[in-house]
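>>> Generate a structure from the sequence data that follows.
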Amino acid sequence: MQQIDVNKLVDGARLNRFHAKVLAWCLLVIIIDGYDISVAGAALPAIMKEMGVTASTAGFMASSALFGMMFGAIVLGALSDRIGRRWTISISVFLFSVFTTAAGLTHDPVSFSAMRFIAGLGIGGAMPNIVAQMTEYSPRRIRSFMTTLMFSGYAVGGILAAVIGKQFIADFGWQIIFLAAGVPVLLIPFILGSMPESLSYLVAQGDERRLSMIVSQIDPRARIGMGVSLLAPADQRTGGAPVARLFENGRGASTVMFWIAFFTGLFMVYALSSWLTKLMAMSGYSLGSALSFVIALNLGAVVGAVGGGWLADRLHIKWVLVGMYALGAVFLYMMTFKTSTEVLYVVVGAVGACTTGAQIVAYAYSGQFYPTSIRSTGIGMASGIGRLGAIVAPMLIGLIVSLKLPLEHNFLVIGAAGLIGALALAFIDHGKSASGQYVDVGFSPTTGEASGLVDVRT
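Okay, the predicted model is just below:
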């Protein structure tokens, strides 16, 4: 009986229209996701002024979505292994679109925070599933590049929020950028109808019809017919609690290191996304100029994500990440120097490349580290634990601001997180990353008959 190894097929596939479709959908969802998380930072000075809140209260308001993201990443990251990624991503889009819009209709800090918390469930739930989807369908030789290219949409969303804020907040109020977030809910029927389902989910469900159809799209040269059996990763057939499996086969210590790295990485990302506008305004820049620094930060993030992904496919992804985190700390330290505005824009762009850009590469690395069947869970847990750093960051920076400490202290605290993250990444045991063991999924794509064949690859 002829056997087609699904993972080998994906690994060696030529880039085609199918991959472009997966990339386009994942990129679009991440752009929307990035917009939704960035709107609070872009609007923070206007919100503080209209609601009359202190810096510490504003820090809590900014963190409310991050609390939701922590739970959303953990719960919805694991949920996709049960209901499929298309439905989980659609639920996430519904939550962050509808409730970000609802936050724009509030008039007090408590209601605003409640709406942002629920929106955060969707924002956090989308990320691990989109990363897992892109990782699963990308050819091996360009997997890191494809994943980071897709995830650079997060920074594009941040740029979009800053540009819309710069153009319209002064004339229409901060609410306008929140109300615009409701439009993507219209995409949900198209996501369900057009986005391909996860291979691992189809294998677990024994859905030979859709699995065979996707295989033929991945590689049109593959001939699916009578007497052909599809092989899938052995780990997809293994039982047990998904979270517990993150600690199996010597992965435990590296899993904890990923959690520390995500904690520090997301601390840097959300300290900057929540407070950079306000910090630059406090340094004497107008709101429009302060938002221009946010645009520079996110442009740098795009360059860092795509460039980091390109390097990760050619060098060792782990050490590329260690270097990016460490450089992020260096560039944040450079922000404490007195310099010209033009040089400061360049430094802020470099900070974006080595903080948000590095975090995007970290998502790609975690997606490649874990076996297919627990990939969403692994990314979701790292992202969920990392959200603790994202939650702490706006509140800690808000506290430093409220204490009227020198602005330089903010950048030194954020930079210290980068050094800790670099150390954690250095201790990840890359040798324990996902192996390539496969077994027969147990059916022929055309007959549905069990074959009982086993294929193991070392």
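
>>> CA only for contacts and neighbour counts going forward, please
Will do.

>>> List the residue ranges of this protein that fall below the pLDDT cut-off.
Counting by pLDDT under 70, the chain contains low-confidence ranges at 1-7, 77-78, 207, 221-242, 286-288, 373, 432-458.

>>> how about the strands of it, start to end?
Under the criterion DSSP state E, strands of the chain are mapped to 2-5, 228-233, 437-440, 454-456.

>>> Contact partners for Ala350?
Leu297, Gly300, Ala301, Gly304, Gly328, Phe331 (Cα atoms under 8 Å, 6 or more residues apart in numbering).

>>> And for Gly328?
Applying Cα under 8 Å, 6+ apart, we find Gly328 in contact with Ala350, Val351, Ala353, Cys354, Thr355, Gly415, Gly418.

>>> Could you pull out the buried residues of the longest helix seen in the chain?
In the chain, assigned by DSSP state H, the helix with the most residues is helix 17-51. Residues of helix 17-51 classed as buried under the neighbour-count rule (16 or more other Cα atoms under 10 Å) are 18-19, 22-23, 25-48.

>>> With stretch 279-295 instead?
Going by neighbour count (16+ other Cα under 10 Å), the buried part of stretch 279-295 is Leu279, Met280, Ala281, Tyr285, Leu287, Gly288, Ala290, Leu291, Ser292, Phe293, Val294, Ile295.

>>> Dump it to CSV, keeping only the CA atoms.
As requested, C-alpha coordinates have been extracted for stretch 279-295 and formatted as CSV (Å, rounded to 0.1, in the frame of the first residue of the first chain):
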residue,chain,number,x,y,z
LEU,A,279,6.0,59.0,27.9
MET,A,280,6.9,60.9,24.7
ALA,A,281,4.1,63.4,25.4
MET,A,282,5.6,63.9,28.9
SER,A,283,8.9,64.5,27.3
GLY,A,284,7.5,67.6,25.5
TYR,A,285,6.2,66.2,22.2
SER,A,286,2.7,66.9,20.9
LEU,A,287,0.2,64.1,20.7
GLY,A,288,0.7,63.9,17.0
SER,A,289,4.5,63.7,17.4
ALA,A,290,4.2,61.2,20.2
LEU,A,291,2.0,58.9,18.0
SER,A,292,4.7,59.2,15.3
PHE,A,293,7.1,57.4,17.7
VAL,A,294,4.5,54.6,18.0
ILE,A,295,4.5,54.3,14.2
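
>>> distance between it and the chain's centre?
In terms of Cα atoms, centre = their mean, to the nearest Å, the centre of stretch 279-295 is set 26 Å apart from its chain centre.

>>> So what's the residue count around Phe99?
26 (other Cα atoms under 10 Å).

>>> okay, now the nearest residue to it once chain neighbours are set aside: neighbour count?
Once flanking residues are discounted, Phe99 sits nearest to Ala119: 4.9 Å by Cα to Cα, 6 or more residues apart in numbering. By the other Cα under 10 Å criterion, the neighbourhood of Ala119 contains 31 residues.

>>> How much space separates Ala119 from Val156?
When Cα to Cα, to the nearest Å is applied, the distance between Ala119 and Val156 equals 19 Å.

>>> Then Ala180?
If you go by Cα to Cα, the gap between Ala180 and Val156 works out to 16 Å.

>>> neighbour count winner among the two?
Regarding Ala180 and Val156, a neighbour count based on other Cα under 10 Å identifies Val156 as having more, with 24 against 17.

>>> Go ahead and confirm that one touches Asn298.
Yes. Between Val156 and Asn298 there is a contact under Cα atoms under 8 Å: 6.8 Å.

>>> State the phi and psi torsions of Asn16.
Here is the backbone geometry of Asn16 (degrees, to the nearest 10): phi -140, psi -170.

>>> Contacts only, for it.
Applying Cα under 8 Å, 6+ apart to Asn16 gives the contacts Ile218.

>>> Ser254 now?
With contacts defined as Cα under 8 Å, 6+ apart, the neighbours of Ser254 are Phe427, Ile428, Asp429.

>>> re earlier: packing partners for the longest helix of the chain?
helix 55-83, helix 85-103, helix 109-137, helix 143-151, helix 153-172, helix 175-179, helix 208-218, helix 252-282 (3 or more Cα pairs under 8 Å, 6 or more residues apart in numbering; DSSP states H and E).

>>> Deepest in the core, which of these is it.
Per residue and on average, the most neighbours among the helices and strands packed on helix 17-51 fall to helix 143-151, with a mean of 28 (mean count of other Cα atoms under 10 Å).

>>> quick one: which of the contacts of Gly328 is nearest to Phe145?
Distance ranking of the contacts of Gly328 against Phe145, using Cα to Cα, places Ala353 first at 14.8 Å.

>>> ok, that closest one touching Ala296?
No. Distance between Ala353 and Ala296: 9.9 Å, which falls outside the contact criterion (Cα under 8 Å).

>>> Those two: which is more packed in?
Between Ala353 and Ala296, counting by other Cα under 10 Å, Ala353 is the more crowded of the two (31 against 21).

>>> what's the distance between that one and Ala301?
Following Cα to Cα, the distance that separates Ala353 from Ala301 is 4 Å.

>>> And for Ala382?
The span separating Ala382 from Ala301 equals 20 Å under the rule Cα to Cα.
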